[in-house]
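K.L.:
I would like to see how this sequence folds:
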Amino acid sequence: MPRRSFAGIVGAMAKDLVRGGGAGLLVALVLGQPVSQWYDRNVEGLTALASGAIAVLLIVPIGWLAAKLVRVAHPVRVALLGPLLLWVFKSVVEPAVPDPSSLFAVLGFVVLAVVTYAAATWLTGVESLLPRVIAAGVVCACVITSAMLQERQEEARKRQVRRDWIAALAQSGPRAVPDAVPGRTLVGVWTLSDEVLTLDYAKDRTSEPDVFVQIHDKGDPRESCAMWVQGHPGLACERLAADRWLSRFYGRLVLFAKVGDSLVQVDSKALSLDQTIIAGTKLRAVSAEYLADAGAAG
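P.N.:
Predicted structure coming up:
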């Protein structure tokens, strides 16, 4: 008698798993292609977002219909629990394959849907509390693991972005900053080209930049000032000293100065003339790491 009971339990369990897997397969066949568009580089972002939204909205009713077709005992429960398990296991697997092809995404979605809907069907049909408690523990562990993996992946991505940025700065021309910008802190670093470094300064890291400095590998301050005022009637270039020219425009000061072999341009409405001259007439060499960290901080 016990052997028959055990065989009956195993048979019922196998039947639930097969039917649940069939329901998951039907769900995957309908929604696999829209979901795969999330990962397809050839699909526009709005199109992928719309496809994903449709998949999210339809997964419960389609799951219920699939469960009914394969004669699952509790189709409503399976339709609700299946997507939850699918999302949990997808969150765990996804960090391991951050950039899958659309075909791989479809195949992965099919496998996960079959497994999770089979598990959902079995859990909703089992009478004992212990399997449900174990399943809940597994789900919690998966959620925690997924969060940890995503955090580590994001940290690794940030480190790689920093390394790439440092390499780009190391290969560019100017790696220098003004020796002092009175009352201002460096909050942004940009490269217009390999020959031009742009620096943004603000009162502090929470303020909007109001002093803008460009450092060129080379250039003539008089010619640069003339190009600046060209096409703007009423603007003129004022010579302050040798290799130092200034343009004034409604309180805005734009200084062009030769510092060594570099051309420095300081553009600001916030600095006085003396402060602008201080910012634009002396440079100090810095490393690519310094520039990368200063830009990241901003």
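
K.L.:
Contacts only, for residue 285.
P.N.:
Contacts for residue 285 (Cβ atoms under 8 Å, 6 or more residues apart in numbering) come out as 175, 176. Where C-beta positions appear, they are placed from N, C-alpha and C, glycine not excepted.

K.L.:
Need the phi and psi values for it.
P.N.:
Backbone torsions for residue 285, taken as degrees, to the nearest 10, come to phi -70, psi 140.

K.L.:
try residue 245
P.N.:
Torsion angles at residue 245 (phi, psi; degrees, to the nearest 10) stand at phi -130, psi 150.

K.L.:
List the contacts of the residue nearest to it when sequence neighbours are not counted.
P.N.:
Spatial nearest neighbour of residue 245, excluding adjacent residues (Cβ to Cβ, 6 or more residues apart in numbering): residue 225 at 4.1 Å. Contact partners of residue 225, counting by Cβ under 8 Å, 6+ apart, are 237, 245, 246, 247, 254, 256.

K.L.:
And the pLDDT at residue 225?
P.N.:
pLDDT recorded at residue 225 is 91.

K.L.:
By neighbour count, which of the contacts of residue 225 wins?
P.N.:
Ranked by neighbour count (other Cβ atoms under 10 Å), these have residue 256 at the top, with 29 neighbours.

K.L.:
and that residue, what does it touch?
P.N.:
Each residue near residue 256 by Cβ under 8 Å, 6+ apart is listed here: 221-222, 224-225, 228, 244-247, 263-265, 280.

K.L.:
What is the nearest of these to residue 56?
P.N.:
residue 265 (50.6 Å; Cβ to Cβ).

K.L.:
what pairs with the helix or strand harbouring that closest one, and is each one parallel or antiparallel?
P.N.:
Per DSSP states H and E: residue 265 is located in strand 262-268. Looking at strand 262-268 with DSSP bridges, its partner strands are strand 211-216 (antiparallel), strand 252-259 (antiparallel).

K.L.:
Quick one: mean pLDDT over the longest one.
P.N.:
Averaged over strand 252-259, pLDDT sits at 92.

K.L.:
quick one: low-confidence ranges for the stretch 1-150 of the chain?
P.N.:
1-13, 41-42, 98, 127-132, 134-136, 138-139, 142-143, 146 (pLDDT under 70).

K.L.:
residue ranges for the helices of it, please.
P.N.:
2-36, 45-69, 75-93, 102-125, 129-171 (DSSP state H, counting those that start in this stretch).

K.L.:
Dump those into a markdown table; add mean neighbour count and distance to residue 184 as well.
P.N.:
Listed next are the helices of the stretch 1-150 of the chain as a markdown table, based on neighbours: other Cβ atoms under 10 Å; distance: least, Cβ to Cβ, whole Å:
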| stretch | mean neighbour count | distance to residue 184 |
| --- | --- | --- |
| helix 2-36 | 17 | 49 |
| helix 45-69 | 16 | 37 |
| helix 75-93 | 20 | 44 |
| helix 102-125 | 21 | 48 |
| helix 129-171 | 13 | 21 |
